[in-house]
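**Q** after the sequence you'll find the predicted model.
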Amino acid sequence: MKQKEIKDLSVAELQEKLSQTKKTYSDLKMAHAISPIENPLQIRTVRRTVARLATELSKRELQ
């Protein structure tokens, strides 16, 4: 997800998207540990998306 797309989401949508993305990340890591996945760079992009979502959530809580 792009930063612009993340800023357009509401807090509830951010929380839901964060939980979905964290689950995707853990599934990718587990699949990669068992047998190498086709595109290991996917793990990096999903991890960075998790970080973007979490950062936006914490930024909104501070405001």
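**A** It's in.
**Q** which SS class is P36?
**A** coil (DSSP: H, G, I helix; E, B strand; the rest coil).
**Q** next, count neighbours for it.
**A** By other Cβ atoms under 10 Å, 9 other residues sit near P36. Bear in mind the C-beta positions are built from the backbone N, C-alpha and C, glycine included.
**Q** distance of it from S19?
**A** P36 sits 27 Å away from S19, going by Cβ to Cβ, to the nearest Å.
**Q** with P40 instead?
**A** In terms of Cβ to Cβ, P40 sits 23 Å off from S19.
**Q** where does pLDDT dip in this protein?
**A** Applying pLDDT under 70 to the chain flags no residue at all.
**Q** the helices in it, which residues?
**A** 3-7, 11-34, 41-62 (DSSP state H).
**Q** can I get those in TSV with mean neighbour count?
**A** Below are these laid out as TSV (neighbours: other Cβ atoms under 10 Å):
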stretch	mean neighbour count
helix 3-7	11
helix 11-34	13
helix 41-62	14
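**Q** S35 and T24, how far apart?
**A** From S35 across to T24, the span is 18 Å (Cβ to Cβ).
**Q** quick check: the spatially most central residue of the chain vs L57, distance?
**A** Centroid check for the chain by Cα atoms, centre = their mean gives V50 as the closest residue, at 2.6 Å. According to Cβ to Cβ, V50 and L57 sit 11 Å apart.
**Q** intersection of neighbour lists for these two?
**A** L18 (Cβ atoms under 8 Å, 6 or more residues apart in numbering).
**Q** for the closest residue to R47 other than its chain neighbours, what are its contacts?
**A** Distances taken as Cβ to Cβ, 6 or more residues apart in numbering place Y25 nearest to R47, at 6.0 Å, with adjacent residues excluded. Neighbouring residues of Y25 by Cβ under 8 Å, 6+ apart: I43, V46, R47, V50.
**Q** out of those residues, which comes closest to K7?
**A** The closest of the contacts of Y25 to K7 turns out to be V50 (Cβ to Cβ; 16.3 Å).
**Q** was I right to think that closest one contacts S19?
**A** No. Counting by Cβ atoms under 8 Å, S19 is not a contact partner of V50; they are 10.0 Å apart.
**Q** understood, closing this out.
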